[in-house]
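1. Fold the following for me, if possible:
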Amino acid sequence: MNIPRSTKIKPSHLSRNAYLYVRQSTLRQVHENTESTKRQYALKQKAISLGWSIESIITIDTDLGQSGATSIERKGFQKLVAEVGMGKAGIVIGLEVSRLSRSSSDWSRLLEICAITDTLIMDEDGVYDTNDFNDRLLLGLKGTMSEAELHFLQARMRGGLLNKAKRGELKRPLPIGYIYNDNDQIVFDPDIQVQQSIRLLFETFRRVGAAWGTVREFNKQGFKFPLRVHKGFRKGELHWVQLVNSRTLEILHNPCYAGVYSYGETQIHRTVTGKKSVIMPREEWHTFIPDSHPGYITLEEYERNLKILEGNAHPRSEDGRKTPPREGPALIQGAVVCGICGKRMTVRYQNNGKILVPIYVCQNRSVERGEKICQSIHGAKIDEVVSKILLELVNPLAMEAALEVQKELNSRKNEVNKYYMHQVERARYEMELARRRYMGVDPDNRLVASQLELEWNNKLKEFEESQENYEKQLQIQIQAIDEKARLDIRELATKFPEVWNDQNVPEREKKRMLRCLIEDVTIVQGHDITLSIRFKGGTSKVLTVPKPERAWEKFVTCTETITEIDRLTSDHIPSEIAEILNKKNIKSGQGKNFTKRIIERLIREYNINNLYTRLREAGFLTLPEKMQEMGYTQRKIQKFRDTGRIDYRRYNDRNDFLYEPCK
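-> Next comes the predicted model:
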């Protein structure tokens, strides 16, 4: 069949490629609506009959299974627009407007680009020239109707879905513990172990009153929690996994376990960055039907659990940002990073008499999995070191050096700004020149006019980009510091220690001052505590802080005294050692005078060889051994000892003796 060539098709169009765009909205349509796909591919023959060779016809069908509501995910449509924008396309072919786009903004943009590059558009009804007013009007109406058609389809589908949800008949993926029976009713999972696991979770939460406590109890006992696969080739399979905190919170917040059929807990809101799922308050849910199916807990218990969770909640920074300064003496609260796992550390307080002592704790693993905390560090010494560093930074000399650096940076920044400003001026001149050329051409000379229009648009784009770069530079430009500001800064640096040490300044304000200089502090606890302080300017400083003494370490006897006890043990019994030390006015770790019992305890705890062991190592004999050596009775040996005829040594306070062997 010969189709007459349209008068709109010119040799300039035939010299370029023809682009056939093929699209179906879903993969199901690709497999089931095969006739529509065939009709789209058949348009290639129509293009051949209009004068394009088969080699010059390019088929773009990479968007099969993609919706035309937006161009974000459609790689094929993006390629088509790029080819048209570069002037490679003589004609764009689609079965109908809805195949190319169902978005008025995307469709209008394509029409504008086609008009600039003098590209034709063809559908099943005919060929259109985008530079012709009537054709442009008709294409615009078709695009609007295509978008309206999509809106009506979605509205009808959405209305039917919500109407079904309001009756509680809309089937949705069920949480673990529920399934649909043959009558599409929600019933308990027939697996008794699954039911027991869920009931055990609610019973444990009822007992401990915290989600993380429930996780800890499960993992402590080695209990696994069921997980049923909803998608993929393993759909329907049951797995047993470790319970985590996020899963526990999800179950406790799900009203389905209270026998409630609900729909609309989360809704999609359109934002400038795209669609966003938002958790809605209950009064804005589409459906809330109590007692629609059997529940593991009552609705009253579900409400009570939510109140418990709300009371347990505390401010957390899920995206890694610092938490705002709060009350309390913890100086670097909210800015502490764990050097082991990289998470933000929280703060606890311990009462030390009348003083609150901060303790920095990394409890992410504990909260999420019920495991042991990553590290817990006494914070008093750390705050003291950070405070000292801060006072060293804010001093007149340091501020003067900072002002000089600031001045140098301002000078360099001005040079950069001049460069960008010159770029803007050059781009503005070239844009004006291109505009004058375009305005001066004969409108009937379309070949020259279209090329000059394209050049004008390119220069306009370059001008906008250069102006945008210049504005960005202005935004990040460092403000110049005048003399009055210099005096104010010097005065602040002079008075800063006085302000910092003032007892009337609230702790929150001190933390705010600290945040002006310090970005964060990374802590690692080993033999000592390592601090990595990152300042606002990008520099960092690493410090080592000794661990604070524990309570029992404050009462430890000093090493010199233990050495002296070790030396005296070679010749003296514990009571004699205590007497010698007391005469020298040496005190125990608790500041008390030494006694026989204290000396004996220290000898045991520090593994000091007592006098008995040392004498035995020197060869001294016990009484039975001495009797055997001399061949005398015990009474005879004791008589020799009392008269001094044999050498002996007393080795304890109970008058026990060892005897020197015969030479």
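2. tell me which strands and helices the helix or strand where S36 lies is in contact with?
-> Assigned by DSSP states H and E, S36 belongs to helix 34-49. Using 3 or more C-beta pairs under 8 Å, 6 or more residues apart in numbering; DSSP states H and E, the elements in contact with helix 34-49 are strand 17-21, strand 57-60, strand 89-93, strand 120-123. (Each C-beta comes from the backbone N, C-alpha and C, glycine too.)
3. how about the ones you listed in a markdown table, adding mean neighbour count, distance to P294 and mean pLDDT?
-> Formatted as a markdown table, these follow (neighbours: other C-beta atoms under 10 Å; distance: least, C-beta to C-beta, whole Å; pLDDT from 0 to 100):
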| stretch | mean neighbour count | distance to P294 | mean pLDDT |
| --- | --- | --- | --- |
| strand 17-21 | 24 | 53 | 91 |
| strand 57-60 | 18 | 54 | 90 |
| strand 89-93 | 26 | 58 | 91 |
| strand 120-123 | 22 | 56 | 90 |
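4. want to throw these into a markdown table with distance to I377?
-> Converted to a markdown table, those look like this (distance: least, C-beta to C-beta, whole Å):
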| stretch | distance to I377 |
| --- | --- |
| strand 17-21 | 62 |
| strand 57-60 | 60 |
| strand 89-93 | 66 |
| strand 120-123 | 69 |
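5. what's the closest of those strands to A155?
-> strand 120-123 (25.5 Å; C-beta to C-beta).
6. Check which helices and strands the closest one sits against.
-> By 3+ C-beta pairs under 8 Å, 6+ apart, strand 120-123 packs against helix 34-49, strand 89-93, helix 104-117, strand 126-129.
7. in its sheet, what does that strand sit against?
-> When pairing is defined by DSSP bridges, strand 120-123 lines up against strand 89-93 (parallel), strand 126-129 (antiparallel).
8. Out of these, which gets nearest to V336?
-> Using C-beta to C-beta, the strands paired with strand 120-123 put strand 89-93 closest to V336, at 58.7 Å.
9. next one: the helix or strand following that closest one to chain centre, how far?
-> Where DSSP H and E defines the elements, the next helix or strand beyond strand 89-93 is helix 97-100. How far helix 97-100 lies from its chain's middle: 41 Å, per C-alpha atoms, centre = their mean, to the nearest Å.
10. Keeping just the C-alphas, turn helix 97-100 into PDB.
-> Only the C-alpha atoms of helix 97-100 are listed here, as PDB (Å, rounded to 0.1, in the frame of the first residue of the first chain):
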ATOM      1  CA  VAL A  97       0.800  10.600  22.400                       C
ATOM      2  CA  SER A  98       0.200   8.400  25.500                       C
ATOM      3  CA  ARG A  99       3.000   6.100  24.200                       C
ATOM      4  CA  LEU A 100       5.500   9.000  24.200                       C
END
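11. Just the mean pLDDT for that helix, thanks.
-> Taken as a whole, helix 97-100 has a mean pLDDT of 80.
12. Check stretch 30-47 too.
-> 85.
13. For that stretch, buried residues please.
-> By 16 or more other C-beta atoms under 10 Å, the buried positions in stretch 30-47 come out as V30, S36, T37, Q40, L43, K44, K46, A47.
14. now do stretch 296-314
-> Those would be Y296, I297, E301, Y302, N305, I308, L309, for stretch 296-314 by 16+ other C-beta under 10 Å.
15. which residues touch the last one?
-> Translated: L309. Shown in contact with L309 (C-beta atoms under 8 Å, 6 or more residues apart in numbering): A211, L249, L252, H253.
16. Let me know how buried the second one is, in neighbour terms.
-> Counted with other C-beta atoms under 10 Å, residues neighbouring L249 total 16.
17. How is the protein partitioned into domains?
-> 11-164, 178-312, 396-481, 554-659 (automatic domain parsing).
18. where's the closest residue to Y302 other than its chain neighbours relative to D189, distance?
-> Nearest non-adjacent residue to Y302, counting by C-beta to C-beta, 6 or more residues apart in numbering: A258, 3.7 Å away. A258 sits at a distance of 16 Å from D189 (criterion: C-beta to C-beta, to the nearest Å).
19. circling back to that earlier point, of the strands paired with strand 120-123, which is nearest N655?
-> The nearest among the strands paired with strand 120-123, by C-beta to C-beta, is strand 89-93 at 115.9 Å.
20. Can you tell me what sits against that closest one?
-> 9, 12-21, 43-44, 46-47, 50, 52, 80, 83-84, 100, 110, 114, 117, 119-123, 127.
21. ok, now stretch 152-172?
-> Against stretch 152-172 from outside (C-beta under 8 Å, 6+ apart): Y180, D184, Y261, Y263, G264, H286, T287, I289, S292.
22. show me what contacts the fourth one?
-> The contact partners of Y263, taken as C-beta under 8 Å, 6+ apart, are L162, A165, L170, R172, W285, H286, T287.
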